[in-house]
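Novice: got a structure for you, letters missing:
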């Protein structure tokens, strides 16, 4: 079932990229895009612009948090673990352009783990070749 959902989300992401970019056709490759974060306590930040990779029908973003204390992220009910063990928490997640994306992230920065709700938004008008 997760594979079916992943395929459907991939098609939606590709359609969103092509629609949002108008006549600009994005080919497979690496790009950057401005990302905004809202929600949580307002203290957390993510690196912007974020690196994205378009590979066929999928768009994946590298999210670098301003803290090393995020254990995992949840996007569309799928759990994503960090891609590195040192430095600030870094994740690779599927994204949608020009829409508010609800995500959750578990942090251990407090006395016990907390799952915090955030919103990410990727602005297709800021896409640049990497």
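Specialist: Looks like it arrived, so ask away. Because the structure is predicted, anything quoted here is derived from the model rather than measured. Numbering: from 1, shown residues only.
Novice: ok, and what's touching the strand ranked longest in the chain?
Specialist: Longest strand in the chain, counting residues (DSSP state E): strand 114-129. Applying Cβ atoms under 8 Å, 6 or more residues apart in numbering, the external contacts of strand 114-129 come out as 17, 20-21, 24, 26, 29-41, 44, 46, 49-50, 52, 61, 63, 74, 95-107. C-beta: built from backbone N, CA, C; applies to glycine.
Novice: Kindly supply the ChimeraX command isolating those of those residues that are buried.
Specialist: In ChimeraX, a selection of the buried entries from the contacts of strand 114-129 looks like this (16 or more other Cβ atoms under 10 Å):
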select :17,20,26,31,32,33,35,37,39,40,44,46,49,50,52,61,63,74,95,96,97,101,103,104,105,106,107
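Novice: So which of the contacts of strand 114-129 are in strands?
Specialist: If you go by DSSP E, these have 29-39, 50, 52, 61, 63, 74, 101-107 in strands.
Novice: Quick check: pLDDT value at the closest residue in space to residue 56 that isn't next to it in sequence.
Specialist: In space, and not counting its chain neighbours, residue 56 is closest to residue 28: 6.6 Å by Cβ to Cβ, 6 or more residues apart in numbering. Here, the pLDDT recorded for residue 28 equals 92.
Novice: Good, we can wrap up now.
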